[in-house]
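> model this:
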Amino acid sequence: MHIDLTGKTVLVTGASRGIGRALKPEGSASIRSLVEPDANHRHPTMRIHTLLVSLLVSSSALLAQGSCHFVPDNIMSGGNVIPFGSSKSAMSTWGNQRYQTMILPSDVKTPVLNIDTLAIGGGGTGIRHHATLKIRIGYFRGTGTSLSSTFANNLSPAAVTVLDAKDYTWKQTTKSWSRIGLQKSFLYLPAQGPLVVEVIATGSWFEGSGGNGLYNGGRQRLYNYRWGSTTPPATGTIGNAAAIRMQLCSADADANAYGEGCPGSNNHTPVVTFAGSAQAGKSLTVGVANTLPTTPGFMALSLSALVPSFELPGAPGCRMRQSPAIVVGIASNASGVFSVTQNTPNVPGGRVWVQFLMIDTKANAAGGVFSNVGRILIGK
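Next comes the predicted model:
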């Protein structure tokens, strides 16, 4: 395998050519190459910390606040499958949903909140699957605190799409607030009025133990489910006290993996792993498991998700889910595992995405497979 790195693109000749093209899909940021050791013979992974700090400090979107707030409260009770779905067998009823609820100024105990985390609580432990999942946040268009039964009458045209993903998964753990993995933040100024959170989900189902429902109660909601067209419905039903409870956070340390990877020739799908803490200055281990043994690949890091995700030609289901800014050449060990440990950069509020691309000439025509994507939120 020969690697030619120009600084703006990555070309990999031979069977893994498709992976090289995927590292620089059209419209993504330029890539900082780290495949070879530097002039001081340091292994590329030793320089990740320095480069990440440089990238994070250059980002103008960081607002390090370090706080969490609950909507309407942090009571872990109730159970409702709207809007994130029920069991796989109930997908025909609960798989497709459109939903809105409100965040009131009184829910937030600070004059400014950069919402980079949305978490949901529920009685089950497992994985929530979505064929598509879109979440938007924006200011309420109406007056007072009552939703209209017409979705467009509630959400501002300037709403921010904070998550827009295909073949998406997120982990849920009972008796905890489980983070969905927002791709973008929303800067909320409570003095400007209530917010509306909208969820449009298709092909949704829960895989795990315990109940399928989510903690709910005490807040109005607007919902429509069991729709089969490709266009979400324009109107829905108002429910006055059954909205899901939510946790909103800013700069609260977190490291989790989201979405789906694609299987290799070993019938296993590479998965991103984390150990340690995403708190600034603490030790964090980032890795990948389930790859072929002693196999080369790439670790790609960025400050932004790739929306829409990019499917690797010749590799169905293999999606690039972030826009690489740093690319590191790696190799798995005899157990099909790679990991690197670094101190988390001291840039609270920073968000870093990591994904692995592993060479696997027998897996598909492109000659490679993708892991899911990991999101690191640096906390204070």
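> And L52, what's its pLDDT?
The pLDDT attached to L52 in the predicted structure is 60.
> pretty sure M91 is in a helix, no?
Yes - counting by DSSP: H, G, I helix; E, B strand; the rest coil, M91 is part of a helix.
> quick check: mean pLDDT across stretch 220-234?
Throughout stretch 220-234, pLDDT has a mean value of 93.
> go on, stretch 329-340?
Rounded mean pLDDT across stretch 329-340 is 95.
> How about stretch 262-271?
What stretch 262-271 shows for mean pLDDT is 96.
> what comes up buried for that stretch?
Within stretch 262-271, the residues scored as buried using 16 or more other Cβ atoms under 10 Å are C262, P263, G264, N266, T269, P270, V271. From N, CA and C alone the C-beta is placed, and that goes for glycine too.
> my read: the fifth one touches P263, true?
By that I understand T269. Yes - between T269 and P263 there is a contact under Cβ atoms under 8 Å: 4.8 Å.
> Need the overlap of contacts for those two.
Common contacts of T269 and P263 (Cβ atoms under 8 Å, 6 or more residues apart in numbering): V369.
> Now do the contacts for the closest residue to L182 other than its chain neighbours.
The shortest distance from L182 to any non-neighbouring residue, by Cβ to Cβ, 6 or more residues apart in numbering, is to V162 (4.5 Å). Neighbour list for V162: I115, L118, I135, R136, I137, L182, Q183, K184, S185, F186 [criterion: Cβ under 8 Å, 6+ apart].
> ranges for the helices of this structure?
Along the chain, the segments classed as helices by DSSP state H run 17-22, 48-58, 91-94.
> contacts for the shortest one?
Outside of helix 91-94, the residues that reach it under the criterion Cβ under 8 Å, 6+ apart are V81, I82, G85, S86, G203, S204, W205, Y225, R226.
> Closest one of these to G297?
G203 (29.4 Å; Cβ to Cβ).
> Wait, that closest one touches A131, no?
Yes - judged on Cβ under 8 Å, G203 makes contact with A131 at a distance of 2.7 Å.
> Now the common contact residues for those two.
Shared contacts of G203 and A131, defined by Cβ under 8 Å, 6+ apart, comprise G95.
> Tell me where the stretch 151-300 of the chain has strands.
160-172, 177-179, 186-188, 195-202, 205-209, 221-225, 237-239, 246-250, 254-258, 271-276, 283-289, 296-302 (DSSP state E, counting those that start in this stretch).
> want to throw these into CSV with distance to D73?
Putting the strands of the stretch 151-300 of the chain into CSV (distance: least, Cβ to Cβ, whole Å) gives the following:
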stretch, distance to D73
strand 160-172, 19
strand 177-179, 12
strand 186-188, 18
strand 195-202, 16
strand 205-209, 23
strand 221-225, 15
strand 237-239, 17
strand 246-250, 10
strand 254-258, 21
strand 271-276, 29
strand 283-289, 32
strand 296-302, 36
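> With respect to P345, which of those lies nearest?
P345 lies closest to strand 283-289 among the strands of the stretch 151-300 of the chain, at 9.6 Å (Cβ to Cβ).
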